[in-house]
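Asks: compute the structure for the input listed below.
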Amino acid sequence: MSEHQHPEHAHGVDPDIRRKSLNRLKRIEGQVRGVAKMIEEERYCADVLLQVSAIHESLRSLAQLLLRNHLQYCATDAIRSADAERREQMYDELVDLFAKHIR
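Replies: Next comes the predicted model:
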């Protein structure tokens, strides 16, 4: 576990976000298998790189969905908490998440 204490499960999961996330992950799995096949077939490097970029964008889109759920449920619950330490931990966690995802 990192420096912050995390519960094993989310405080809440929007069913629509969960469904969309799982669907996107299935598509990403297919994209990754497609890239593996392209490499096995020794396809043109630029074509493979374009597909890798598409996977990267798909992962970024998935991260946005998951971040929305985290903000809507986990972060909101912690920030509204009467526990000042829990609030501060969430602020630190959010700053770390944003810093990692804006690169």
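
Asks: list the contacts for the residue most central in space within the chain?
Replies: Centroid-nearest residue in the chain, with Cα atoms, centre = their mean: residue 63, separated by 2.9 Å. Counting by Cβ atoms under 8 Å, 6 or more residues apart in numbering, residue 63 makes contact with residue 101. (Glycine included, C-beta is placed from N, CA and C.)

Asks: just the pLDDT for it.
Replies: pLDDT for residue 63: 93.

Asks: ditto for the one 5 residues further on
Replies: Residue 68 carries a pLDDT value of 91.

Asks: give the helix, strand or coil label for the nearest residue to it once chain neighbours are set aside.
Replies: Of all residues not flanking residue 68 in the chain, residue 17 sits nearest, at 6.4 Å (Cβ to Cβ, 6 or more residues apart in numbering). Here residue 17 is recorded as helix under DSSP: H, G, I helix; E, B strand; the rest coil.

Asks: tally of neighbours for residue 86?
Replies: Neighbour count of residue 86, defined by other Cβ atoms under 10 Å: 16.

Asks: so it is in which element?
Replies: Assigned by DSSP states H and E, residue 86 belongs to helix 84-101.

Asks: over to residue 22?
Replies: Going by DSSP H and E, residue 22 is part of helix 15-40.

Asks: same thing with residue 65?
Replies: Assigned by DSSP H and E, residue 65 belongs to helix 45-69.
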